[in-house]
Structure formats: C-alpha cells, structure tokens
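In: no sequence for this one, just the structure:
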DNA sequence: GCCAACTTGG
C-alpha cells in the first residue's frame, strides 16, 4: 500500500487535527504493516482525537512487537483506563514472565474499582501457571465462581491447566464438568491436563471419549507422550494421524531431539519435506539441534540453506541454533560469522558463542566475548559461567578462572552449582594443581557428583597421581555410577606407576563389568554439554 | 482494541 505513505504526510501538512475515526484507521494501517514508529508519531500529533480504543491499540501493538517498556510507559500515561487497558497490561506482564507484576497489577486494578472479566481471569491463571504464584489458583477460581464465569470455555481451559500444574486432578475434572457448553478446546485441555499430571493412560482414555477431534487434539496427545518420555507411543499416535500440520511434525521431531534421538529426528524431517510440508522457525531450530547432536556439518549446512531459501523472518532463536550448530559441528568461524551478523542477540546467543569458543580451546576468544557481553549490559547466568570457567580450564587460564569463579558469586550473586565446581576441579586438575583441586572438593558445600570426581580422576590420569586417583575412583564408586573411563584411567595410572598386580586386578574387574576401553573424552563436556 | 488448546535455542 504505497498510497498511505503519500497520503499521510499530505494530511499532516494540510490538516491540523485528524478526526478520531481517521486517526484510528491510519494507526491501524501502520500497525498492520509493522510500522509502529509512524503509528506512534500520528498518535502523538493528535492528542485531542485519541480515544480509549486508540490508546489500547497502540499499547497492545507494543506488546506484540516485543517493546514492553514502551507499552508500560504509555499505560502509565493513560488517563482513562478501561478493563481492556488493564487486560492488555496484564498480558504484557505475562509475556515478559513477570508473575509478581501480574499479581500486583491485578490488585491495583481492583483498587480502582474495576471488575475483572473473563479475559482478565484467564490471563491471570495462565500467567501464574508455571510460577510460585500458582498457589493462588484456587483463590482465582473462587473469584471466577463468584462472578459466574465458571461455565466459560476460556476460563475453564485456563483453570484446568492451572490445576494440572498444581497436581490437583480432582479439581481438574470438576472444572471440566462445570463448563456448560464444552467445545474441542475444552476436551483438548482435559487431555493436556492428564498429560501434565503424568497420567498418559487417562489422557488416552479421555481422547477416546472425545465427541470430535481436530489436529490439535492429536498433536496434544503426541506431545503429551513426548513430555512423559514415551517417544515410541508418541510416534505410533503420530503415524495414525489422518491430518498433520507443521506443528504436528515439529512436535514429533523436537520430541526425538529432546530424547537424544537425533537420527530419528532427521529421518522424520526428511519425511516431512517429502510430504510437502515446509518447516517453520520452530521446526528448523529443532532440526539444527539434531544436526549439532550428531555433529553433522554436512546436514547442518543443508538445513542452513533451507532456512535461507524458506524466507523465514529473522529470529533470535533460529539464528542462535545456527550459531550453536556450527560451533558444535566444528566450524567455529562460521558460527562467529552468523553470531556477528545477528541484529538481535540475547543471553542464550552469547552463551552459545562463548561455549563454542570454550569447546574449541579458544579460551581467550571466549573471554573476549564474555567481556563484550558484559559491556553491553547483559547479565551472565549460571550457564555463562559454566562456559567461561570451562574456557579458562581449556586455555590453562588458572588465575583468571579463579577470579571469574569468585566474581560469579560476589558480583553477580550466582550460587556456585556442582557443575561450576566440576569446571574448577578440571581447571586446577589440567594445570597440575592437584592439591588445590582436592582442597576445593573437600570444601564443597554440595555433594560432588560423578562429573566432579571424573574431572579429578582425569587430572590424576594426566599427571599420574595414584593416591588421589584412587580417592576419586572411590568417590565415583560411592555414587554407584561406575564408568568404563574410570577403569581405563586407573589402569593407565597403575601401569605408569608399575603397580602390575593392581593392573591385573582392574582388568579382571573391567571384564566382569563388561567395561571396554573407550576413546578419551571429557566427562564435563559430555555431561553438561558445555556450550 | 484485550484472553484460551500443540511447537523453537545455551
């Protein structure tokens, strides 16, 4: 629509004030084209023609365009807020995952005397669903009942999800029964509820009772089995589907990926393409993860090509998946190139590139990116520090690693978790500072896991320390998580020290347990997926 | 103009 661009400056030049109807029409036109900036300009230029609907439209557009700050500022400035304005604000707070804000906003709304409607209550319920505020679900239910919304399909489905998340199956069934006119969505919510409760049998039974089923019903069932780690059950439901859409394919593909079945995921992706369905950004980021999982650069590149050809708009998550795929498949330069070209980066993107450099042994590059990220005001999280510490370990940067470990708690308030300790043990261990590693383990406030002990054992293998190596092996045995690498490392140390009787004993034990010598690899990387 | 059922990255 090129005319709009010509008409609007014309109108603005020749008429001082637009009528409310025209302002509304023009603003909606800009928003439809994704041009929020000009919509806002018109809004600012016509203060006297604005009505509540126009305010609400702009605020909602900001939220949908991921500009919550602008939305919030405008909401704060707004003179006469109606229930829609409050609902819009609530859904914005929900979108940025601020359940406390949702709760406080709701209270504020009540204080100015506005009565919630169905929209308000379903936003409330779904906003607290996965948070500590979900203890409020029964209270909100009480409000729902007192206002007579319990027969509403929307509110009912939200309540069912809420109750499933707090594990209340009785309430789940009761809410369903109370919905006066149930539609497919209500039934889907019931299936989903039982799946969330982990009761796949009941979900399947309900599915069989449904008066009608749509693609979403089938997909919910497939996804429910996947969420309950029943991949093959999911697949057999998937195979029985008469109609599939991108989401159905994506659910199944990402289900395989989540369960580490990368090859199955890739096979299914090929079937999908052959069926004539084109993947979207959800599909392709899962597929890229599968490529990364099998370290298949060849396939990864082909998927990259598919991304470019499909014309899917730029997406942070998809681009981050590309960065991660290239880094995990060994092409760190390509990874960095994509990372650099990303117009929007978030914490996960930074973590990916830092982890990529760490995995490639480019400790200094990893740390450079870490500094750059902090300068841009992005707060590192616990994953960032796993990557940073492992970069220090791989780069032999012991003192820097110690400093970062310290700053993690003091500067960023992130409590060291067991994986951070594992990195530190690895850091000291590789550098041959075995006493420091031992000291760290002994002073840990947490129970060391197999990765921590493994890092120590590996270091003992590297530096031929029999005594400490035995200590580490005992630690692993106490966890009852024997691992073939443990025996081969012990074997190596014993052999080097010339303790041949022990070597024979160990070989016997290995044979008993069916352990075979494995190729060397870091337990830290395989267990925590550094990167 | 606002709400709800299935899918994505470290």
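Out: Right, received. Where do you want to start? Only a predicted model underlies this, so the values are computations on that prediction, with no experimental measurement involved.

In: use CA for all of it now, contacts and neighbours both
Out: Will do.

In: Now do the same contact list for the residue of the stretch 301-450 of chain A found nearest DNA strand B.
Out: Using C-alpha to the nearest atom of the strand, the closest approach of the stretch 301-450 of chain A to DNA strand B is made by residue A:317 at 3.8 Å. Under the criterion of C-alpha atoms under 8 Å, 6 or more residues apart in numbering, the neighbours of residue A:317 are A:285, A:349.

In: That one: which element?
Out: Using DSSP states H and E, residue A:317 falls within helix A:316-328.

In: From the chain's centroid, how far away is that helix?
Out: For helix A:316-328, the gap between its own C-alpha mean and the chain's C-alpha mean amounts to 14 Å (C-alpha atoms, centre = their mean, to the nearest Å).

In: What is the subsequent helix or strand relative to that helix?
Out: On the C-terminal side of helix A:316-328, the closest following helix or strand by DSSP H and E is helix A:332-341.

In: For that following helix, what is the distance to the chain centroid?
Out: Averaging C-alpha positions (C-alpha atoms, centre = their mean) puts helix A:332-341 21 Å from its chain's average.

In: ok, now stretch A:74-93?
Out: Its chain's average C-alpha position is 28 Å from that of stretch A:74-93, according to C-alpha atoms, centre = their mean.

In: can you list the residues that contact that stretch?
Out: Taking C-alpha under 8 Å, 6+ apart as the criterion, the residues outside stretch A:74-93 that touch it are A:52, A:55-56, A:59-60, A:63, A:68, A:71-72, A:99, A:101-102, A:105-106, A:109, A:114-117, A:119-120, A:123-124, A:127.

In: The helix or strand hosting residue A:401 packs against which elements?
Out: Counting by DSSP H and E, the secondary-structure element that holds residue A:401 is helix A:398-410. In terms of contact count using 3 or more C-alpha pairs under 8 Å, 6 or more residues apart in numbering; DSSP states H and E, helix A:398-410 is assigned the packing partners helix A:382-395, helix A:418-430.

In: Is there proximity between the last one and DNA strand B?
Out: What that stands for is helix A:418-430. No - Helix A:418-430 stays out of contact with DNA strand B when judged by C-alpha under 7 Å from any atom of the strand, the minimum separation being 13.4 Å.

In: elements contacting that helix?
Out: Partner elements for helix A:418-430 (3+ C-alpha pairs under 8 Å, 6+ apart): helix A:382-395, helix A:398-410, helix A:434-442, helix A:450-462, helix A:523-528.

In: Can you list the buried residues in whichever strand or helix holds residue A:37?
Out: When secondary structure is defined by DSSP H and E, residue A:37 falls within helix A:36-45. Taking 16 or more other C-alpha atoms under 10 Å as the neighbour-count basis, helix A:36-45 is seen to contain the buried residues A:36, A:39-40, A:42-43.

In: Would you mind giving these as a markdown table with distance to residue A:241 and pLDDT added?
Out: Formatted as a markdown table, these follow (distance: C-alpha to C-alpha, whole Å; pLDDT from 0 to 100):
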| residue | distance to residue A:241 | pLDDT |
| --- | --- | --- |
| A:36 | 41 | 91 |
| A:39 | 44 | 93 |
| A:40 | 46 | 94 |
| A:42 | 49 | 92 |
| A:43 | 49 | 94 |
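
In: Any residues of the stretch 251-400 of chain A in contact with DNA strand B? List them.
Out: Contact residues (C-alpha under 7 Å from any atom of the strand) of the stretch 251-400 of chain A with DNA strand B: A:251, A:254, A:258, A:281-283, A:285-286, A:289, A:316-318, A:320-321, A:324, A:345-349, A:351-352, A:355, A:381-384.

In: go again using 6 Å as the cut-off
Out: With C-alpha under 6 Å from any atom of the strand as the criterion, the stretch 251-400 of chain A meets DNA strand B at residues A:251, A:254, A:281-282, A:285-286, A:289, A:316-318, A:320-321, A:324, A:346-349, A:351-352, A:381, A:383-384.

In: follow-up on the earlier one: which among the helices and strands packed on helix A:418-430 is found nearest to residue A:137?
Out: For those, proximity to residue A:137 was assessed by C-alpha to C-alpha; helix A:382-395 is nearest, at 30.6 Å.

In: So which other helices or strands are in contact with that closest one?
Out: The criterion is 3+ C-alpha pairs under 8 Å, 6+ apart, and the helices and strands that helix A:382-395 contacts are helix A:347-359, helix A:363-375, helix A:398-410, helix A:418-430.

In: and residue A:160, how far is that from residue A:196?
Out: Using C-alpha to C-alpha, to the nearest Å, one obtains 10 Å as the distance from residue A:160 to residue A:196.

In: which of these two has more neighbours?
Out: More crowded of residue A:160 and residue A:196, by other C-alpha atoms under 10 Å: residue A:160, with 26 against 21.

In: how close does that one sit to DNA strand B?
Out: As judged by C-alpha to the nearest atom of the strand, to the nearest Å, residue A:160 and DNA strand B stand 10 Å apart.

In: How about residue A:466?
Out: With distances defined as C-alpha to the nearest atom of the strand, the gap from residue A:466 to DNA strand B amounts to 34 Å.

In: now do residue A:140
Out: Residue A:140 sits 15 Å away from DNA strand B when distances are taken as C-alpha to the nearest atom of the strand.

In: tell me which residues in the helix or strand containing that residue are buried?
Out: Counting by DSSP H and E, the secondary-structure element that holds residue A:140 is helix A:137-146. By 16+ other C-alpha under 10 Å, the buried positions in helix A:137-146 come out as A:137-138, A:140-141, A:144.

In: Around residue A:18, count how many other residues there are.
Out: If you count neighbours by other C-alpha under 10 Å, residue A:18 ends up with 19.
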